Structures are given as C-alpha cells and as structure tokens.
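1. This is a predicted model, with the sequence first.
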Amino acid sequence: MPELPEAEITKRKLKNLLGKKIQKFWTNLSQNLKNSSYKFIKKDIVNYKINKIKRLGKVILVYLNKKNKIKILAFHQRISGRLIIQNKNQKFKLSNHIHFIITFSDKTQLFFEDPRKFGIVWYGFEKDVLKDKYFKNLGPDILKISFSTFKKQLLKHSGQIKSALLNQKIIAGIGNILADEILWYSKIHPKTQIKTLNLIQIKKIWQASKKIINKSIKLGGTSMRNWLHPDNTIGNFQNKTFVYGKKNQNCSRCNTKIIKIKSSGRGTYLCPKCQTKSMP
DNA sequence: CATTACCTGCAA
DNA sequence: TTGCAGGTAATG
C-alpha cells in the first residue's frame, strides 16, 4: 500500500467528491467490511453526502452526513488496494479486481480495486468505527509527530529499529519502502537495537522520516505495481529511491553495492557500508 | 523475536 | 514452478 503518501494523495484527490450524494453501494467482498454488514450498508448509506475527507496513518476516512447524522466510510488500501474516481462521462476499462463501488446521484463512481483482497472498508458512526482496535492502537502520525513524542514512542519499544518504524502502534504511516529509505538516509542499519541508538541518531531518523515522506508525497507517491492516483496519475517515488529496489546498484553516497536482506520479515535494502549497527 | 496466513499476479 | 510483492494479525 500504499503507505502514508499514497493515503495522503488519495485523500487529497477524493476531495473532488465533496458534496456528492450516495445513491448505491456494491461489493463482492463483504468479508472485508468492518463494523457493518453489506446488507445494512446498502440500505443505510443511501442519500448520505460526502462532507469531509481525512487521513489517519494509512487509512482514508470519508465523513458522510445526512440531516444531523454523521457516519464514516473508511478505506485501508493494505498492499494492493487503490481508489479510483470515474466521472459521469468517463468509461474506464475496469480490471477484474474492483471489489467495492459507490455510485453517486450524478453518476460519478468511486471504485476500490484490490487484486489481493487484503483491503479493509469500515462503515458506521465515528465513535463505533474508531473503536476498532486498529484505530484504538494507532500511534501518532509520522508527519505530525514532535521529536520528543517520537523519541518517547521509540524508547517504549525494544527490538530492532526497522520493526519499530513499521509498527503502526508506535508511529503511524511508515511502510516497507519508506522504512528502508529513512534508514539509509539516517545511516542506520535496519537491525540496530533501539536501545543502542543515541539521541543524535534518533533525531536523524525523525528528521529523515519527515524528509523522505514529504519527498514521496511531492513525487506523487509510489506506483510500483497497480497503484495510481484516484484520477490515474502515475506516482514517481519508485524512480527516486536511494536503496529500495536497487539491489546490486551503487550507493549514491559511498558507491558500495546495495544489498538485499530480510529484516522484520520483510525484504530490506541497505548499503552495507554506510548503514552501521555501531555508534557513529 | 521469526514465521505463517490471508490472496493474486508476475518475474525469475 | 517457486518465490516474492506497498500490510497486518495470529501463532510459536
């Protein structure tokens, strides 16, 4: 997934749907619905209007209102999900993997495409949706977090730094590509134990996180496989990475060949020379 | 901690 | 045919 940048870009582009009124909700993947059944949503969601779009970590929250009632429709793209907006005069060639469709009264449609079917859709009152343990446990957003909170969150955890960066309960928003880029930028080996990091290193990781994530958003996110913006714009971050996907290419800092290992159960790219486990 | 499971497509 | 893929929860 779509990590934080891909959720942020999706959020921004979904703002084109503000004010639209929902006419119909369809899915063929009702097992991935949370909080409400397909039967209930289909009936309940009609005539709600899109009121506000937010992002929480990697999740996109669509706020709906009807009279004085407010509901949330939330999307987690997980690994292969993406949202697509089709305006009334467009007729996209749809893949075989559209699993959710929201049709608006002006015939605009919002599709959720997800070949691997890991994506999640929540529907319900705000307090009920946010009661889900995914939201309850979600750590502070990496784009908004202060250094002192970042430090506090990291130090609460023992173990390897990459594992902590990927853990949404500690900090929300970082995924596998960003984690590798952040650790390269900070010159830290992904398997470094958190308790051996000094304050300077933690600060570097905090700064690098903001820098790398903002860079990805600016470049339109990562379009490695099927992911595109809701309007089908292609992201370009995959062409501007320092280490991710660059096995056997030379490190742009020290010219050493980038290697790929397994860390925290994930494919992990790093420069074996400039990313060290020992103190600098 | 690491490994597995969820599911499908695609490259080696 | 195998192994791997942007995530996460469940299991040793």
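-> Good, I have the coordinates.

2. any idea how far the helix or strand encompassing A:L165 is from the chain center?
-> Using DSSP states H and E, A:L165 sits in helix A:161-166. Taking C-alpha atoms, centre = their mean, to the nearest Å, one finds helix A:161-166 lying 15 Å from the centre of the chain it belongs to.

3. Next: stretch A:202-219.
-> 15 Å.

4. about what we covered before: for the helix holding A:L165, packing partners?
-> With contacts defined as 3 or more C-beta pairs under 8 Å, 6 or more residues apart in numbering; DSSP states H and E, the packing partners of helix A:161-166 are helix A:176-185, helix A:199-218, strand A:266-270. Where C-beta positions appear, they are placed from N, C-alpha and C, glycine not excepted.

5. Tell me which of the ones you listed sits most buried.
-> The highest average neighbour count among the helices and strands packed on helix A:161-166, using mean count of other C-beta atoms under 10 Å, belongs to helix A:176-185 at a mean of 25.

6. thinking again about what came up before, with distance to DNA strand C and mean pLDDT as new columns, can the helices and strands packed on helix A:161-166 be given to me in TSV?
-> Shown next, in TSV, are those (distance: least, C-beta to the nearest atom of the strand, whole Å; pLDDT from 0 to 100):
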stretch	distance to DNA strand C	mean pLDDT
helix A:176-185	3	98
helix A:199-218	10	98
strand A:266-270	2	98
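
7. okay, those in JSON lines with distance to A:N226 next?
-> Shown next, in JSON lines, are those (distance: least, C-beta to C-beta, whole Å):
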{"stretch": "helix A:176-185", "distance to A:N226": "15"}
{"stretch": "helix A:199-218", "distance to A:N226": "17"}
{"stretch": "strand A:266-270", "distance to A:N226": "18"}
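
8. closest one to DNA strand B among these?
-> DNA strand B sits nearest to strand A:266-270 of all the helices and strands packed on helix A:161-166, at 8.2 Å, using C-beta to the nearest atom of the strand.

9. Just the CA atoms of that closest one, as CSV, please.
-> What follows is strand A:266-270, C-alpha atoms only, in CSV (Å, rounded to 0.1, in the frame of the first residue of the first chain):
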residue,chain,number,x,y,z
ARG,A,266,10.4,-8.1,5.0
GLY,A,267,12.6,-7.7,2.0
THR,A,268,15.1,-5.0,3.1
TYR,A,269,17.5,-2.9,1.0
LEU,A,270,20.5,-1.2,2.5
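
10. State the distance from the residue lying closest to A:P190 once chain neighbours are set aside to A:G267.
-> Using C-beta to C-beta, 6 or more residues apart in numbering and skipping the chain neighbours, the partner closest in space to A:P190 is A:K162 (3.6 Å). Distance, A:K162 to A:G267, by C-beta to C-beta, to the nearest Å: 11 Å.

11. need the contact list for the residue in the stretch 151-280 of chain A positioned nearest to DNA strand B.
-> Residue of the stretch 151-280 of chain A nearest DNA strand B, by C-beta to the nearest atom of the strand: A:G159 (2.4 Å). Listed by C-beta atoms under 8 Å, 6 or more residues apart in numbering, the contact set of A:G159 reads A:193-194.

12. Need phi/psi at it.
-> phi 130, psi -160 (degrees, to the nearest 10).

13. of the helices and strands packed on helix A:161-166, which approaches A:S148 most closely?
-> A:S148 lies closest to helix A:199-218 among those, at 9.7 Å (C-beta to C-beta).

14. mind exporting that closest one as PDB, just the C-alpha atoms?
-> Only the C-alpha atoms of helix A:199-218 are listed here, as PDB (Å, rounded to 0.1, in the frame of the first residue of the first chain):
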ATOM      1  CA  LEU A 199      19.800  10.800  20.800                       C
ATOM      2  CA  ILE A 200      21.600  12.100  17.700                       C
ATOM      3  CA  GLN A 201      20.600   9.000  15.700                       C
ATOM      4  CA  ILE A 202      17.000   9.100  16.900                       C
ATOM      5  CA  LYS A 203      16.800  12.700  15.800                       C
ATOM      6  CA  LYS A 204      18.300  11.800  12.400                       C
ATOM      7  CA  ILE A 205      15.600   9.200  12.000                       C
ATOM      8  CA  TRP A 206      12.900  11.600  12.900                       C
ATOM      9  CA  GLN A 207      14.100  14.200  10.500                       C
ATOM     10  CA  ALA A 208      14.700  11.700   7.700                       C
ATOM     11  CA  SER A 209      11.200  10.400   8.200                       C
ATOM     12  CA  LYS A 210       9.600  13.800   7.500                       C
ATOM     13  CA  LYS A 211      12.000  14.500   4.700                       C
ATOM     14  CA  ILE A 212      11.500  11.200   2.900                       C
ATOM     15  CA  ILE A 213       7.700  11.100   3.300                       C
ATOM     16  CA  ASN A 214       7.300  14.700   2.100                       C
ATOM     17  CA  LYS A 215       9.500  13.800  -0.900                       C
ATOM     18  CA  SER A 216       7.300  10.900  -1.700                       C
ATOM     19  CA  ILE A 217       4.100  13.000  -1.500                       C
ATOM     20  CA  LYS A 218       5.700  15.600  -3.700                       C
END
